[in-house]
Structures are given as structure tokens and as C-alpha cells.
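*Asks:* Following is a predicted model, sequence given first.
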Amino acid sequence: MKILYLDPVLGISGDKTVSALIDAGCPQSVLTDLLEGLPVKLPSLATEKRRQGALAGTYLKVGPSDLHLSVRQMEEMIGDLKTEDRVKEDTRGMLDVIVSAESKVHAVPKEEIHFHELSHIDTLIDLLCVARAVAYFSIDRVLCGPVAHGRGFIKTAHGVMPNPPPATTELLMGFPAVFLDEELELTTPTGAAIVRHYVKGQAKEAFTISGQGCGFGTFETARPNVLRAFIGESSDAFVDVDEVVWMMEADMDDMETEYLGAAADRIRRAGALDVLYFPVQMKKGRSGVRLSIIAPESRIGDLTEEVFRETSTFGIRLRSEWRCVLARKEEVRPTRFGPVKVKKGFDRSGRLVKTHIEFEEVKRIADEQGIPYRSLLENLKKEL
């Protein structure tokens with residue numbers, strides 16, 4: 001398994017991450033070839049070698065630009081790029097977590113979010129370059145050390161705000177943090193989005209380092225303003241492990257069963273990876289229901305509140321577990337019944353392991369064409 005370990009000893013930002021990945025061996029031409037597909041005038045990009053004390057590394061200097069983009073414009077440009085799906089999906093993923101965080105901290109619906117500093121073309125450049133560099137190294141898993149933050153206040157388009165700003169802390173909920181005596185924005189929302197999107201769980205495992213890079217930030221500080229990136233391979237013992245998840249469970253014998261489905265839907269929307277409920281036999285021979293939730297560590301707080309609000313339980317059990325998942329890809333396939341969306345699962349070597357036809361697709365086509373569900377499913381399986 002290919003590993004990327006980020007070491008944000010003085011915080012993380014988009015430009016420092018790109019600089020570190022270039023220093024680790026990703027050719028700048030790989031990134032500029034992708035960016036040239038954007039239908040806008042780009043600022044100049046130039047790398048320069050920097051040194052502070054015994055540390056040497058790369059600094060990516062982005063030239064001036066007055067170009068600002070809306071979220072919708074960024075999404076459209078990402079979708080129109082001629083690059084592999086992984087790069088597009090990761091870029092969209094990072095952009096989406098920024099939008100979600102901004103929406104939450106400013107209490108504004110996602111569709112009404114208007115970026116200020118983050119609307120600058122630099123944001124899109126950083127996200128695309130990180131996604132492309134991660135794909136270039138064929139990274140399977142990203143790990144990250146404790147994220148450093150500064151203190152005091154910073155000036156933003158929203159006015160003077162505490163450091164780190166609310167969107168950054170929202171993005172890094174559930175991740176280890178270190179607060180340093182630096183009156184600088186050491187970790188930016190873009191840097192936080194990189195961690196939020198790529199780093200799944202806080203498991204640490206041994207891996208063999210095959211390359212490293214050091215990315216310098218813009219500010220000059222007494223401490224080296226760098227982000228280090230380590231590229232490596234994990235041992236076979238961890239090859240099938242993807243992430244740590246949390247199991248949340250509650251047993252109830254006084255919950256109206258007709259409300260469980262609606263409660264489960266709300267729990268899913270609150271960030272659960274999956275929600276199950278099934279009958280159990282409780283004390284004194286009473287019939288009950290066990291609610292079982294699979295959750296990312298970062299959503300445990302919100303999900304705990306949701307379970308207490310929506311169910312009759314007075315307590316929740318929690319435990320951590322490993323989870324292994326296949327790499328997934330959705331595509332639309334033509335059939336004699338019309339286009340059908342299918343989900344494919346791939347193992348670590350990229351070999352197709354299974355293909356799944358989504359139930360909603362079968363239901364939609366069967367309802368439109370008046371075909372029995374089972375009959376349609378069997379025919380689609382034969383075609384696909």
C-alpha cells in the first residue's frame with residue numbers, strides 16, 4: 001500500500017502541500033499540464049529552492065491575479081477537465097468539505113455560500129495540484145501528524161477573526177491539534193480541507209520511507225515554516241486495512257418501531273457511514289431493538305446528539321474497529337432498457353472485483369416500463 005504521511009509541524013496550507021509534493025518528486029510539468037486545461041488566464045507558477053538553517057526545500061510561488069470564481073464555476077471547471085476520475089473526485093471532495101464547513105459556521109445554506117478569500121483562483125489551483133500529485137504517486141492512504149495552529153487574531157474578508165478561524169476548526173474536528181505561540185494563520189481552510197478529505201481515521205502504522213519532500217510557506221518565522229511529506233510503502237500486515245471507524249450502539253425496548261426508519265434517515269444525514277437496526281431479546285424477556293451505527297471519528301459528537309434527540313435511549317456504547325473497503329467507481333452503462341448507473345469495486349491492484357446495479361436504478365426503469373423488478377434485474381445482470 002502506498003502511503004503519504006503529512007507532517008504539519010508549523011501548520012498546513014494548500015501551497016505548502018503542493019510545494020512539499022513537488023519537492024518529494026512530483027514534476028511541476030505534471031501539474032501545469034493539468035492546470036492548462038482550465039478555461040481562464042492563470043497566474044504564473046514558479047518553484048524556487050529555499051533554505052532555513054539545516055532545512056532545504058521547495059517554495060511554489062504563485063503570481064498575482066485578480067480572478068475570483070464562484071463555487072459553481074469551480075465545480076464546472078473541475079468537471080470539464082480532461083484528467084482521470086480520481087483527480088476530479090478528490091478535487092470535488094476537498095471543495096465540498098470547505099463548502100460544508102463554511103455553511104455550518106456561517107449558518108448559510110450550501111447553495112448560498114459565497115467565498116471571499118477562498119474564491120481566488122489560488123484555491124482551485126491548490127486543490128487540483130494536490131489531487132494530481134496524490135494520483136501521480138499512486139497514493140492509497142494518507143496519514144497526518146497533529147496539526148499546528150497559531151493564536152491571536154487574523155484579518156479576513158469577514159473582518160478580524162480569532163485564529164484559527166471557525167471554518168478551519170470545523171474542518172479539523174476530531175483531528176489532533178497543537179497550538180503554538182505564533183500570531184499567524186498557520187493552518188488555512190484549504191490545508192484543513194486536504195486533511196479532512198484524505199485522512200480517514202487516526203490509525204498509525206509502520207511504513208518504509210522511499211521519498212520525502214519539504215514545502216516552504218510564504219511567511220518567514222523563527223521556526224521553519226515548512227510542511228514535510230513522506231512517501232512510502234506499508235507492510236503486508238496492513239495491506240487490507242483502510243481506516244478506523246467507530247461503532248455506536250444503543251438497545252431500546254420502548255421506542256416506537258414506526259419511527260425508527262425516519263430516525264435512521266436523520267442519523268445518516270448527520271454523517272453516519274451506515275445505520276442498522278434489528279430485533280434483540282432484552283432483560284425480563286422483553287423484545288427490543290438494537291440501533292447500530294458506523295461512524296467516522298470526526299462525526300461522533302454530532303451523531304451522539306442526533307441519537308439522543310431522535311430515539312428513546314439513555315446511553316450509547318462506543319468502540320473503535322477497523323474497516324476494509326474496495327475502491328469504488330460509478331459509471332453509466334448503455335443497455336437495451338436504457339442507460340443504467342452501476343457501481344464497480346476494485347481491489348488494491350486495480351482489478352475489478354464486483355459490479356453492483358443500484359436498486360433505485362432497477363426500480364426507476366421497472367416503474368417507467370412496467371417490468372417486474374426481479375425480471376428486469378436478472379436481464380440487466382446478463383447484459384452487464
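*Replies:* Received, thanks.

*Asks:* C-alpha from now on. contacts and neighbour counts both.
*Replies:* Noted.

*Asks:* quick one: pLDDT of Asn163?
*Replies:* Note for Asn163: predicted pLDDT of 90.

*Asks:* And Leu55, by the same measure?
*Replies:* pLDDT at Leu55 comes out at 92.

*Asks:* give me the number of residues near it?
*Replies:* Neighbour count of Leu55, defined by other Cα atoms under 10 Å: 11.

*Asks:* can you check Gly338 too?
*Replies:* 9.

*Asks:* Against Glu361, how distant is it?
*Replies:* Gly338 sits 10 Å away from Glu361, going by Cα to Cα, to the nearest Å.

*Asks:* just Arg328 next, same as before
*Replies:* Taking Cα to Cα, one finds Arg328 at 17 Å from Glu361.

*Asks:* next one: Gly288
*Replies:* 34 Å.

*Asks:* These two: who's more crowded?
*Replies:* Neighbour comparison, Gly288 and Glu361: the larger count goes to Gly288, with 18 against 15 (by other Cα under 10 Å).

*Asks:* Using the three-state scheme, assign the more buried one.
*Replies:* Assigned state for Gly288: strand (three-state reduction, DSSP: H, G, I helix; E, B strand; the rest coil).

*Asks:* OK, contacts around Val245?
*Replies:* Gly201, Ile294, Ala295, Pro296, Glu297, Ser320, Glu321, Trp322, Arg323 (Cα atoms under 8 Å, 6 or more residues apart in numbering).

*Asks:* could I get the residues you listed as JSON lines with neighbour count, secondary structure and pLDDT?
*Replies:* Below are the contacts of Val245 laid out as JSON lines (neighbours: other Cα atoms under 10 Å; DSSP: H, G, I helix; E, B strand; the rest coil; pLDDT from 0 to 100):
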{"residue": "Gly201", "neighbour count": "21", "secondary structure": "coil", "pLDDT": "61"}
{"residue": "Ile294", "neighbour count": "22", "secondary structure": "strand", "pLDDT": "96"}
{"residue": "Ala295", "neighbour count": "23", "secondary structure": "strand", "pLDDT": "93"}
{"residue": "Pro296", "neighbour count": "20", "secondary structure": "coil", "pLDDT": "86"}
{"residue": "Glu297", "neighbour count": "18", "secondary structure": "helix", "pLDDT": "81"}
{"residue": "Ser320", "neighbour count": "14", "secondary structure": "strand", "pLDDT": "87"}
{"residue": "Glu321", "neighbour count": "11", "secondary structure": "strand", "pLDDT": "86"}
{"residue": "Trp322", "neighbour count": "13", "secondary structure": "strand", "pLDDT": "81"}
{"residue": "Arg323", "neighbour count": "13", "secondary structure": "strand", "pLDDT": "82"}
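
*Asks:* okay if I get the residues you listed as JSON lines plus distance to Glu383?
*Replies:* What follows is these, written out as JSON lines (distance: Cα to Cα, whole Å):
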{"residue": "Gly201", "distance to Glu383": "39"}
{"residue": "Ile294", "distance to Glu383": "34"}
{"residue": "Ala295", "distance to Glu383": "36"}
{"residue": "Pro296", "distance to Glu383": "37"}
{"residue": "Glu297", "distance to Glu383": "40"}
{"residue": "Ser320", "distance to Glu383": "41"}
{"residue": "Glu321", "distance to Glu383": "38"}
{"residue": "Trp322", "distance to Glu383": "36"}
{"residue": "Arg323", "distance to Glu383": "32"}
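
*Asks:* gap between the residue lying farthest from the centre of the chain and Ala250?
*Replies:* Residue farthest from the centre of the chain, counting by Cα atoms, centre = their mean, is Lys284 at 45.2 Å. Using Cα to Cα, Lys284 is found at 18 Å from Ala250.

*Asks:* Check the protein and tell me which residue is nearest its centre.
*Replies:* Residue closest to the mean C-alpha point of the chain, counted by Cα atoms, centre = their mean, is His197 at 1.8 Å.

*Asks:* chain center to stretch 39-50, what's the gap?
*Replies:* 26 Å (Cα atoms, centre = their mean, to the nearest Å).

*Asks:* For it, buried residues please.
*Replies:* Leu42, Pro43 (16 or more other Cα atoms under 10 Å).

*Asks:* gap between the two ends of it?
*Replies:* Start and end residues of stretch 39-50 are separated by 32 Å (Cα to Cα).

*Asks:* contacts for it?
*Replies:* Residues from elsewhere that reach stretch 39-50 (Cα under 8 Å, 6+ apart): 19, 56-65, 77, 121, 216.

*Asks:* same check, this time on stretch 121-129
*Replies:* Applying Cα under 8 Å, 6+ apart, the set of residues contacting stretch 121-129 is 14-15, 18, 31, 34-35, 42, 62, 65, 67-69, 74, 87-88, 91, 94-95, 190, 194.

*Asks:* do that again at 7 Å, thanks
*Replies:* Gly14, Asp15, Val18, Leu31, Leu67, His68, Leu69, Met74, Thr91, Met94, Thr190 (Cα atoms under 7 Å, 6 or more residues apart in numbering).

*Asks:* With stretch 6-19 instead?
*Replies:* Outside of stretch 6-19, the residues within contact range by Cα under 7 Å, 6+ apart are 58-60, 126-127, 129-130, 143-149, 186-188, 190-192, 215-217, 225-230.

*Asks:* Just those residues: which are in strands?
*Replies:* 58-60, 143-144, 147-149, 215-216, 226-230 (DSSP state E).

*Asks:* From those residues, keep the buried residues only.
*Replies:* By 16+ other Cα under 10 Å, those give 58-60, 143-144, 147-149, 215-216, 226-230 as buried.

*Asks:* Can you redo the contacts of stretch 121-129 as JSON lines, where the extra columns are distance to Gly261?
*Replies:* Formatted as JSON lines, those follow (distance: Cα to Cα, whole Å):
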{"residue": "Gly14", "distance to Gly261": "41"}
{"residue": "Asp15", "distance to Gly261": "45"}
{"residue": "Val18", "distance to Gly261": "44"}
{"residue": "Leu31", "distance to Gly261": "46"}
{"residue": "Leu67", "distance to Gly261": "47"}
{"residue": "His68", "distance to Gly261": "43"}
{"residue": "Leu69", "distance to Gly261": "40"}
{"residue": "Met74", "distance to Gly261": "36"}
{"residue": "Thr91", "distance to Gly261": "33"}
{"residue": "Met94", "distance to Gly261": "31"}
{"residue": "Thr190", "distance to Gly261": "37"}
